[in-house]
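> sequence and predicted structure are below.
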Amino acid sequence: MKLPRGVYHRYKDRPHLWIRYQDEHGKTIRESAQTTNPEIARAFRDKRLNQAAENKLIPTRRFETITVGEVLDFWWERHGKTKRGFMYLMHRLDKFRKIKARNFMPETIDEFLKDLLKTHSPSTVNHYRTILNSSFNFAINWKKYDDNPVRVIPQIPEREARDRFVEVSELAALITQCQIVKDFELQGFIILAACTGLRKTGVLSRRWTEVQLDVEFPSIYLPKKDSKNKLSNRLPLPQMCVLALKQLPSYGNHEYLFPARPNVKYKENFSRPYAWDLGKRFRRVRDLAGIEDLRIHDLRHFATTMLFMEGVADAIIRKMTGHRSEELER
């Protein structure tokens with residue numbers, strides 16, 4: 001079979017075709033066409049010739065060897081590591097690191113996200129899409145790459161805001177179950193979240209220097225750098241919260257209330273001093289307590305609901321919990 005001009009077999013024992021052409025400076029380039037089909041190889045060679053004629057070939061070819069790992073690393077060092085929580089997600093992307101960015105197809109990304117959706121919430125899956133999308137956009141802006149395969153993949157629709165209120169009996173059942181399994185760390189987290197209305201990260205990232213227990217009015221301080229609305233806050237602690245905090249294993253032993261546990265996935269570069277998530281332990285205790293459809297974030301609603309029932313003014317509740325007006329209306 002006669003091959004089109006500039007298309008040839010470089011190796012007699014291999015079926016894949018190669019192409020030959022000249023770049024902008026007249027230098028002969030030999031490149032694998034990644035196909036056994038002569039027509040596809042010819043079309044690929046024509047594309048390269050057009051790029052050379054438009055003086056676009058050399059920059060384009062420069063990106064042919066870039067890997068997904070290089071794109072991710074460039075983004076991480078200059079931008080990603082400043083984003084709280086992304087470090088705990090990056091390991092799932094390791095399987096793509098050696099793939100050339102040119103071969104990282106939207107279909108591969110879409111399949112990866114849909115597979116994650118079987119075991120993770122839509123918001124968590126969207127975090128992975130955000131990491132990949134941001135990485136490629138960042139590389140494009142810095143002239144390190146020229147295409148974003150994530151762009152065509154839409155965000156996964158997330159759950160609508162819900163009105164799941166934790167009943168006192170449910171909170172009591174969670175605390176009782178924590179005591180049965182002797183997980184006093186989770187017990188302290190649950191009570192602190194339910195009594196203050198702090199978000200999960202706001203609870204887990206607290207230092208003991210920000211807590212006052214043995215005073216007339218016990219309190220916990222949230223600096224503005226750790227607040228979603230960028231406002232600092234000092235919240236009062238009821239006596240049950242004080243007792244629960246004193247039962248924490250870290251009391252008098254660590255800088256943070258909820259120190260991070262060693263994790264085999266991050267042996268070499270594990271640097272976060274406090275825990276990022278107690279979700280698996282929370283769900284276990286929740287199921288043991290026989291409670292359905294309850295998430296960690298619902299504990300935040302408990303504090304807000306109790307304040308409403310006590311007749312506390314909306315403005316004070318917003319100051320204490322950081323809720324927006326429309327959230328309080330819901």
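Nice, I can see it.
> what helix or strand is Leu192 on?
Leu192 belongs to helix 184-196 when assigned by DSSP states H and E.
> distance from the chain centre to that helix, please.
Here the centre of helix 184-196 is set off from its chain's centre by 24 Å, with C-alpha atoms, centre = their mean, to the nearest Å.
> and that helix, what does it pack against?
With contacts taken as 3 or more C-beta pairs under 8 Å, 6 or more residues apart in numbering; DSSP states H and E, helix 184-196 sits against helix 168-180, helix 200-204, helix 239-246, helix 279-288, helix 298-309. All C-beta atoms are positioned from the backbone trio N, CA, C, and that covers glycine.
> compute the inter-axis angle for it and helix 279-288.
For helix 184-196 against helix 279-288, the angle by axes from the mean of the first three to the mean of the last three C-alpha atoms, to 10 degrees is 80 degrees.
> give me the mean pLDDT for helix 184-196.
For helix 184-196, mean pLDDT is 94.
> residues in contact with Val150?
Residues counted as contacts of Val150 (C-beta atoms under 8 Å, 6 or more residues apart in numbering) are Pro106, Ile109, Arg129, Leu132, Asn133, Phe136.
> filter those down to just the ones in helices.
Secondary structure from DSSP state H places Pro106, Ile109, Arg129, Leu132, Asn133, Phe136 of those in helices.
> show me which of these is closest to Lys100.
Minimum distance to Lys100 across the ones in helices among the contacts of Val150 is 13.3 Å, recorded for Phe136 (C-beta to C-beta).
> that closest one is in contact with Leu72, isn't it?
No - between Phe136 and Leu72 no contact is recorded; they are 9.3 Å apart, counting by C-beta atoms under 8 Å.
> ok so, going back, any quick ChimeraX command for the buried ones out of the ones in helices among the contacts of Val150?
Entered in ChimeraX, the line below selects the buried ones among these, by 16 or more other C-beta atoms under 10 Å:
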select :109,129,132,133,136
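> got the ones in helices among the contacts of Val150 as CSV, with pLDDT and distance to Ala53 columns?
Formatted as CSV, those follow (pLDDT from 0 to 100; distance: C-beta to C-beta, whole Å):
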residue, pLDDT, distance to Ala53
Pro106, 90, 28
Ile109, 94, 32
Arg129, 95, 37
Leu132, 96, 33
Asn133, 95, 32
Phe136, 96, 27
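> among the ones in helices among the contacts of Val150, which one lies nearest to Lys81?
Proximity to Lys81 was ranked across the ones in helices among the contacts of Val150 by C-beta to C-beta; first place goes to Leu132, at 15.9 Å.
> distance check, Glu31 against Ala172.
69 Å (C-beta to C-beta, to the nearest Å).
> what about the two, which has more around it?
Glu31 (14 against 11; other C-beta atoms under 10 Å).
> got the confidence number for that one?
Per-residue confidence at Glu31 stands at 86 (pLDDT).
> can you pull the contacts of it?
Per C-beta under 8 Å, 6+ apart, neighbours of Glu31: Trp18, Ile19, Tyr21, Arg48.
> show me the contacts for Asn137.
Listed by C-beta under 8 Å, 6+ apart, the contact partners of Asn137 are Asn148.
> show me where the stretch 1-150 of the chain has helices.
Ranges of helices in the stretch 1-150 of the chain, per DSSP state H, counting those that start in this stretch, are 38-53, 57-62, 68-78, 106-116, 122-141.
> export those helices to TSV and tack on distance to Ala193?
Shown next, in TSV, are the helices of the stretch 1-150 of the chain (distance: least, C-beta to C-beta, whole Å):
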stretch	distance to Ala193
helix 38-53	57
helix 57-62	51
helix 68-78	30
helix 106-116	26
helix 122-141	18
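> now the weakest link among these, please, by mean pLDDT.
Ranked by mean pLDDT, those bottom out at helix 57-62, with a mean of 70.
> low-confidence ranges in the stretch 201-330 of the chain?
228-229, 262-272, 305-330 (pLDDT under 70).
> just to revisit the earlier point, closest one to Gln239 out of the ones in helices among the contacts of Val150, please.
Nearest to Gln239, judged by C-beta to C-beta, of those is Arg129 at 44.6 Å.
> how near is that closest one to Ser123?
To Ser123, Arg129 is 11 Å away according to C-beta to C-beta.
> once you drop chain neighbours, what's closest to Val68?
Spatial nearest neighbour of Val68, chain neighbours left out: Phe96 (4.5 Å); criterion: C-beta to C-beta, 6 or more residues apart in numbering.
> burial count for the one you found?
Burial of Phe96 is recorded as 19 neighbouring residues (other C-beta under 10 Å).
> and it, how far from Pro149?
Distance, Phe96 to Pro149, by C-beta to C-beta: 11 Å.
> Asp73 too?
Applying C-beta to C-beta, the value for Asp73 to Pro149 is 17 Å.
> list the contacts for Ile66?
Going by C-beta under 8 Å, 6+ apart, Ile66 touches Lys100, Ala101, Arg102, Ala139, Lys144, Tyr145.
> now do the spatially closest residue to the fifth one that is not a sequence neighbour: how many residues are near it, please.
The one in question is Lys144. By the measure of C-beta to C-beta, 6+ apart, the closest residue to Lys144 outside its immediate chain neighbours is Phe74, 5.8 Å from it. Neighbours of Phe74 under the rule other C-beta under 10 Å: 18.
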